[in-house]
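**Student:** A predicted structure for the sequence below; I have some questions about it.
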Amino acid sequence: MTKTHDEDSHAIAAPGAVMNTVTRWLGRRLGLYLTRHGRSVTTSWPMDPARLAACLRPGDVLLIEGTSRISTAIKYLTQSTWSHAALCVGDATGRRGADGEPLCMIEADVVDGVRAVGLSAYPGLHCRICRPVGMTAGEIRHVCDFAVQRLGEQYDFKNILDLARYLLPMPPIPSRWRRRMLALGSGDPTRAICSTLIAQCFESVRYPILPLIETVHLQDPNHAERVREILHVRHYSLFVPRDFDVSPYFQIVKPTLEAGFDYHALAWDDATPGASPPRGGGYQVTSRS
C-alpha cells in the first residue's frame, strides 16, 4: 500500500506538533518557577491601593517593582527599579473578578499569557504611574481596544528561556548587551512580554515612547542653524519597563500629590536624631505612597 500526500504531510507535521507541546509544557513549568518569590526586596514604600485606584486613568502605564525570580533578572538586565508593566484600560474589558473588582489592567503574565487583572494583583508592591500626554479620547480608546484584542495570547516562552539563563551564576553582562538579551524572544507577533505588548499598543497610534531621533539640517542659506528632528519607530521588542519611566513623553503621576498633599499636616518625630525609638509603644508605622 502506498502512502498518500496527506499521510506524508501528517507524518512530517507530527514531530513538530509534539515539539510544540513539549515547548509549551517546559515554558509553563519554567514560568511557574520564575514567578515564585525570590530574594530581592522592594526599594520603596508600596503604593496605597485606594489612592492608586483613584488616580489611574485609561491609557496610563503602571510600572511595578516585582520581587519574583523573573523580576530579579529583568531588574538586573535593565539596571532599573521596574520589572513589570501593565496598561490601565478602565472598563474596556467589561470584566469583573469573583469579588466584583473591575479587571481594569491588562498585562502579559509569564504563566497565563495576556490577561485582564484588578489592582489587587499587585499587593504591597512599589508602583509608578506613567501617563501619556496630549492624546485624544479616541486615541486612548484605540490603545485600550488594541490591548483588549490581545487578551488570551501566549507569553513569549522563548523570552522566558533567555531570562532564565541570567538567574544562573555567570559573569556580569556588559551593559551594551543587556537590552539585546531581553529582545531574544521568538519575534512572533501573537506572543508578548509585558513591555512589548504595551509598546505595540502605543505604536498603533504612533505615540512615541523612546523613538530614534535623526537630526536633519535644513538647506536654508539664511538660517544655517535650522534643523528638523525626524522620529523613527524603535522596534517594539526592544522596549523594557523602565523606558516608560525615562521617556520624555510620559508624565510621572504621584497619587500622594494628586490626593492633595500638605506637608504641614505631617507628624514628625522630634526626638534627637539617631536616638532609639521608645520601647513598649510609641508609633505604629504604616506605609503610604
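**Tutor:** Structure received.

**Student:** for the stretch 101-250 of the chain, which spans come out with low pLDDT?
**Tutor:** Low-confidence segments of the stretch 101-250 of the chain (pLDDT under 70): 156-193, 213-233, 235-236.

**Student:** in space, what's closest to residue 153 - neighbours in sequence excluded?
**Tutor:** residue 114 (4.6 Å; Cβ to Cβ, 6 or more residues apart in numbering). For every residue, glycine as well, the C-beta is placed using N, CA and C.

**Student:** the one you found reaches residue 89, doesn't it?
**Tutor:** No - contact criterion Cβ atoms under 8 Å: residue 114 and residue 89 do not qualify, at 11.8 Å.

**Student:** overlap in contacts, the two.
**Tutor:** Overlap of the contact sets of residue 114 and residue 89 (by Cβ atoms under 8 Å, 6 or more residues apart in numbering) consists of residue 106.

**Student:** ok, the residue nearest to residue 153 - contacts?
**Tutor:** Per Cβ under 8 Å, 6+ apart, neighbours of residue 114: 106-108, 150-155, 192, 197.

**Student:** check the residues you listed and tell me the two furthest apart.
**Tutor:** Farthest-apart pair in the contacts of residue 114 is 106 and 154; separation 14.6 Å (Cβ to Cβ).

**Student:** and the two? Which one has more around it.
**Tutor:** Taking residue 106 and residue 154 together and counting by other Cβ atoms under 10 Å, residue 106 has the greater number of neighbours (25 against 17).

**Student:** quick one: buried residues of stretch 104-111?
**Tutor:** 104-110 (16 or more other Cβ atoms under 10 Å).

**Student:** cool, and stretch 203-215?
**Tutor:** In stretch 203-215, counting by 16+ other Cβ under 10 Å, buried: 203, 205, 207-211.

**Student:** of those, which is the nearest to residue 145?
**Tutor:** The closest of those to residue 145 turns out to be residue 205 (Cβ to Cβ; 10.7 Å).

**Student:** would you agree the closest one falls within a strand?
**Tutor:** No - counting by DSSP: H, G, I helix; E, B strand; the rest coil, residue 205 is not found in a strand; it is coil.

**Student:** for it, which residues are in contact?
**Tutor:** So residue 205 contacts 135, 139, 142-143 (Cβ under 8 Å, 6+ apart).

**Student:** repeat that with 6 Å
**Tutor:** Listed by Cβ atoms under 6 Å, 6 or more residues apart in numbering, the contact set of residue 205 reads 139, 142-143.

**Student:** which one (most neighbours) among these?
**Tutor:** residue 143 (25 neighbours).

**Student:** element containing that one?
**Tutor:** Using DSSP states H and E, the element containing residue 143 is helix 137-149.

**Student:** can you give me the helices for the stretch 1-150 of the chain?
**Tutor:** Remark: helices assigned in the stretch 1-150 of the chain by DSSP state H, counting those that start in this stretch are 5-34, 49-55, 69-78, 137-149.

**Student:** quick one: average pLDDT of the second one?
**Tutor:** To tie it back to what came earlier, the one meant is helix 49-55. Mean pLDDT, helix 49-55: 91.

**Student:** identify each buried residue in it, please.
**Tutor:** So, applying 16+ other Cβ under 10 Å, buried residues of helix 49-55: 49, 51-53, 55.

**Student:** of those, closest to residue 84?
**Tutor:** residue 52 (14.8 Å).

**Student:** pretty sure that closest one sits against residue 256.
**Tutor:** No - between residue 52 and residue 256 there is no contact under Cβ atoms under 6 Å: 10.2 Å.

**Student:** show me what contacts residue 84?
**Tutor:** Remark: with contacts taken as Cβ under 6 Å, 6+ apart, residue 84 is in contact with 64, 66, 194.

**Student:** hang on, the last one packs against residue 87?
**Tutor:** No - taking contacts as Cβ under 6 Å, residue 194 lies outside contact range of residue 87: 9.1 Å.
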